[in-house]
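Asks: model the structure of this input:
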Amino acid sequence: MKQSAVVQLQTKSVMSHIQMFLDRKSSRSESTMIAYKKDAADFFMATRNKSFEELNESDLVFTVAEIDRYNLYITDRFKGGTVNRKMSSIRSLMKYINRAGSYRLDLTVFDTESAHSSEESYGVLTFAESQEMARLARHHKNGKAKSALIRLAVVTSFRVDTLLNLTKNSFKQVDGVWTVTTVGKGGKRDTKAIADDVYASVREVMPFDANQPIFKMTAQTTRNMIRKLCDEMNIPENRNIVFHSLKKCGVNEVYMMTGHDTAKAQKQGAHQSIATTERYLDKNDDLKNAPSLMIGKELDFTALEDMEKEDLIGLLKTMDRSFQIQLMNRLK
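Replies: You can find the predicted model right below:
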């Protein structure tokens, strides 16, 4: 009974300190207080599986590993700026609680590295690389699901958290075409048409229960999967390929397939701002073919004129996919 009373006292104490912290934020701005409250509630629910009212003093003690895991957890769900803001909110809260309650907590565990300022810093995969990843993933544990997830990520350009929440009910056939619909930020619906073979790969791993998630894996599993596939494909670390690179791949593929139509690429990425889409697009210049080098220089087509049809087609098949798409669009 005595021990229960002590725990109850500690619980009230932690809750009261959190409330005082939020009251201070509320005096400056109600919206700021709401943001801090949500960040704190999400943090304790994810790390302790408890609401504010259930917390006791022992729940305030964290290790570096716990904070790093939480940092990775939110990094998979939010942009870099949001991740940094959330971690800053938690540091501010814990600093206040430590001072108000004289808990003598080790606050250095919250000194995590800043996340990338934006998702645009992540590397871009080519379409061919993404398909090779899907092929190799079939040899991994739970390979069919991982392969289907990769293919779906490219053609829909959905975020990882969205993909992992898809169910059988998310898919619907409209006019003979399979579609997948999600509800994103602000309740905005995003519907993408997918090819029959992509749907077939997803259907192959669909659970019987239409309300259960199709891809029963965690965000950490997807990170490990991409890291392993990059190793298998000898993709260098400096390219910074992550799961989000699959979304970028889809946006860039639409950009090329539509003859560099930025508006359609924006729709593929479900970006509110065209500026975001522009940062997604892989527009690295090939200096060997820079326009400045062509000034005053005539092109010699003699070699092409002497080639047989089969040889010419074979040559075109070896060219960069972007060139092939531009050529086919010109022939339409």
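Asks: any weak-confidence spans in the chain?
Replies: 1-12, 113-121, 184-187, 282-304, 320, 322-323, 326, 332 (pLDDT under 70).
Asks: can you tell me the closest non-neighbouring residue to the residue nearest the centre of it?
Replies: Computing the C-alpha centroid of the chain and ranking residues by C-alpha atoms, centre = their mean puts H244 first, at 4.0 Å. Ranked by C-beta to C-beta, 6 or more residues apart in numbering and with sequence neighbours excluded, the top spatial neighbour of H244 is Y122, at 4.9 Å. The C-beta positions use only the backbone N, C-alpha and C, and glycine is treated the same way.
Asks: OK, contacts around the one you found?
Replies: Contact analysis of Y122 by C-beta atoms under 8 Å, 6 or more residues apart in numbering lists H116, N240, I241, V242, H244, S245, K248.
Asks: with A210 instead?
Replies: Listed by C-beta under 8 Å, 6+ apart, the contact set of A210 reads T167, K168, N169.
Asks: how close does it get to Q173?
Replies: Per C-beta to C-beta, to the nearest Å, A210 is found 15 Å from Q173.
Asks: next one: I74
Replies: 36 Å.
Asks: quick one on the thing from earlier: closest to V83 among the contacts of Y122?
Replies: H116 (8.5 Å; C-beta to C-beta).
Asks: any idea how far the residue nearest to H244 is from A41?
Replies: 29 Å.
Asks: please, where are all the helices along the stretch 101-250 of the chain?
Replies: Assignment of helices within the stretch 101-250 of the chain using DSSP state H, counting those that start in this stretch yields the ranges 127-137, 143-156, 160-163, 196-203, 219-232, 244-257.
Asks: next one: stretch 17-31 to chain centre, how far?
Replies: 32 Å (C-alpha atoms, centre = their mean, to the nearest Å).
Asks: run through who's touching it.
Replies: Looking at what lies outside stretch 17-31 - C-beta under 8 Å, 6+ apart - the contacts are T32, M33, Y36, K37, A40, F52, L55, L93, Y96, I97, A100, G101.
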